[in-house]
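Peer 1: generate a structure from the sequence data that follows.
(one chain, ligands or ions: 1)
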Amino acid sequence: MSPDAPTPEAPLFEARDLVKRFRSRGTVVRAVDGVSLRIPRGRTVGLVGESGSGKSTVARLALRLLDPTSGQVTFDGVDLLRASRGQLQALRRRMQIVFQDPLGSLNPRMRVLDAVGEPLAVHRIAKGSARVDRVVELLERVGLRSADLYRFSHQFSGGQAQRIGIARALATEPDLIVCDEAVSALDVSVQAQVLNLLKRLQSELGLSYLFIAHDLNVVRYMADEVCVMYLGQIVERGDGDTLFADPRHPYTEMLVSALPEFAPERASERTGGPAGGRAGGRARRSVPRGEPASPSSPPPGCRFHPRCPKAMERCRVEAPALHGAADGRAVACHLFDAGREASAR
Ligand code: SF4
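Peer 2: Below you'll find the predicted structure:
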């Protein structure tokens with residue numbers, strides 16, 4: 001086995017201590033500051049947080065569409081930052097992205113055949129009639145018809161256009177798809193259909209997803225593991241169901257308590273899509289107070305302290321580290337550390 005060959009239990013994707021700083025108008029913006037995450041094969045990791053938390057920058061770093069300032073990214077055991085051009089090109093086939101704006105991300109002058117078939121040409125996978133056959137197969141897989149082959153993207157609804165985007169992402173037979181706010185622009189009922197399509201494709205094709213969204217309900221529905229981001233850092237990580245039922249970081253608590261009331265009748269309307277709020281109908285609907293600080297001048301100590309209802313003196317000067325507990329939960333908060341230390345005694 002070569003030194004780079006992954007062990008069977010190795011995650012498909014791993015990022016370690018990723019940092020991305022941008023220069024903007026003379027100041028340094030710390031968009032991503034020490035993010036680590038692992039995506040096991042066939043699983044979904046959700047990344048959630050308010051806009052400006054750095055989620056989309058993580059997506060671009062993961063696919064090496066951006067180079068990190070520091071840190072490490074490995075895909076199937078290969079260090080993406082040290083990969084040769086050829087290696088990177090081969091790996092790019094296996095990592096795809098689905099964007100937020102389905103119509104905006106497709107060239108309106110392209111017919112569906114060319115939009116979905118383009119990656120097949122770029123990566124020299126198929127041409128001529130083989131390419132047409134493969135595009136038809138991809139369209140059918142995402143619930144479109146061969147009759148759509150010669151239509152233009154502007155002739156489709158938002159949900160249909162997102163299906164075209166997904167078919168395009170599937171063209172190269174990827175292992176990992178980054179879904180960057182992939183259903184945010186869609187109506188709720190259409191969202192549920194696209195989410196269910198993504199779930200079906202995952203079970204049929206063994207796909208892994210990095211699923212990025214600001215909507216907690218959507219992430220809760222999709223993700224096996226959830227990472228909550230705040231101002232460029234992960235502040236809580238855990239199994240999706242337990243994290244939403246028992247949030248431990250004050251920021252996660254705030255996000256979860258702001259979810260709408262649980263409405264089973266709305267959930268059933270959505271044919272198995274994301275429910276309208278957290279289970280049990282305990283929601284208090286308290287909107288997160290205040291605005292996040294700018295990533296160019298994050299507060300000292302815990303970055304969340306100006307908004308945190310539980311902030312203590314220590315929080316203003318000392319940044320909490322992301323520490324894990326025995327149940328697999330990891331939280332970056334001094335209160336969590338105090339609880340962990342007490343239970344260890
Ligand atoms: Fe709140 Fe302090 Fe915990 Fe930060 S470390 S989340 S300010 S209690």
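Peer 1: how about the residues of the chain near the ligand?
Peer 2: 249-250, 302, 304-305, 308, 310-312, 315, 320, 333-335 (Cβ under 6 Å from any ligand atom). No exception for glycine: its C-beta is placed from N, CA and C like everyone else's.
Peer 1: could you list which of those residues belong to helices?
Peer 2: Counting by DSSP state H, the residues of the chain next to the ligand place Pro250, His334, Leu335 in helices.
Peer 1: out of the residues you listed, who has the most neighbours?
Peer 2: Neighbour counts for these, by other Cβ atoms under 10 Å, peak at Pro250, which reaches 23 neighbours.
Peer 1: on the pLDDT front, check that residue for me.
Peer 2: Per-residue pLDDT puts Pro250 at 96.
Peer 1: tell me which other helices or strands the helix or strand harbouring Tyr221 touches.
Peer 2: Assigned by DSSP states H and E, Tyr221 belongs to helix 216-222. Under the contact definition 3 or more Cβ pairs under 8 Å, 6 or more residues apart in numbering; DSSP states H and E, helix 216-222 sits against strand 44-48, helix 188-205, strand 208-213, helix 240-245.
Peer 1: just put these in JSON lines and tack on mean neighbour count and mean pLDDT.
Peer 2: Listed next are these as JSON lines, based on neighbours: other Cβ atoms under 10 Å; pLDDT from 0 to 100:
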{"stretch": "strand 44-48", "mean neighbour count": "25", "mean pLDDT": "97"}
{"stretch": "helix 188-205", "mean neighbour count": "17", "mean pLDDT": "95"}
{"stretch": "strand 208-213", "mean neighbour count": "26", "mean pLDDT": "96"}
{"stretch": "helix 240-245", "mean neighbour count": "18", "mean pLDDT": "91"}
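Peer 1: closest to Ala293 out of those?
Peer 2: strand 44-48 (18.7 Å; Cβ to Cβ).
Peer 1: run the chain-centre distance for the very next helix or strand once past the closest one.
Peer 2: Tracing the chain past strand 44-48, the next element assigned as helix or strand by DSSP H and E is helix 55-62. Computed by Cα atoms, centre = their mean, to the nearest Å, the chain-centroid distance of helix 55-62 equals 8 Å.
Peer 1: helices or strands up against helix 55-62?
Peer 2: strand 13-24, strand 27-39, strand 44-48, strand 70-75, strand 176-180, strand 208-213.
Peer 1: can you list the strands that the second one pairs with?
Peer 2: The reference is to strand 27-39. Counting by DSSP bridges, the strands paired with strand 27-39 are strand 13-24 (antiparallel).
Peer 1: so what angle separates the directions of the strand it pairs with and strand 176-180?
Peer 2: 40 degrees (axes from the mean of the first three to the mean of the last three Cα atoms, to 10 degrees).
Peer 1: who touches strand 13-24?
Peer 2: 28-39, 54, 57-58, 61-62, 66, 68-76, 176, 208, 210, 296 (Cβ atoms under 8 Å, 6 or more residues apart in numbering).
Peer 1: for Arg340, find the nearest of the helices and strands packed on helix 216-222.
Peer 2: helix 240-245 (16.1 Å).
Peer 1: ok now that closest one, how far from the chain's centre?
Peer 2: 17 Å.
Peer 1: using PDB, write out every CA atom in that helix.
Peer 2: Output in PDB follows, covering the C-alpha atoms of helix 240-245 (Å, rounded to 0.1, in the frame of the first residue of the first chain):
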ATOM      1  CA  GLY A 240     -27.600  16.000  13.700                       C
ATOM      2  CA  ASP A 241     -30.500  14.600  15.700                       C
ATOM      3  CA  THR A 242     -29.000  15.100  19.200                       C
ATOM      4  CA  LEU A 243     -27.400  18.500  18.300                       C
ATOM      5  CA  PHE A 244     -30.900  19.900  17.500                       C
ATOM      6  CA  ALA A 245     -32.600  18.200  20.400                       C
END
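Peer 1: which ones are touching the residue of the stretch 101-250 of the chain found nearest the ligand?
Peer 2: For the stretch 101-250 of the chain and the ligand, the shortest gap (Cβ to the nearest ligand atom) falls at Pro250, measuring 4.4 Å. Contacts for Pro250 (Cβ under 8 Å, 6+ apart) come out as Phe304, Cys308, Pro309, Lys310, Cys333, Leu335.
Peer 1: most neighbours among those residues, please name it.
Peer 2: Ranking those using other Cβ under 10 Å puts Phe304 first, with 26 neighbours.
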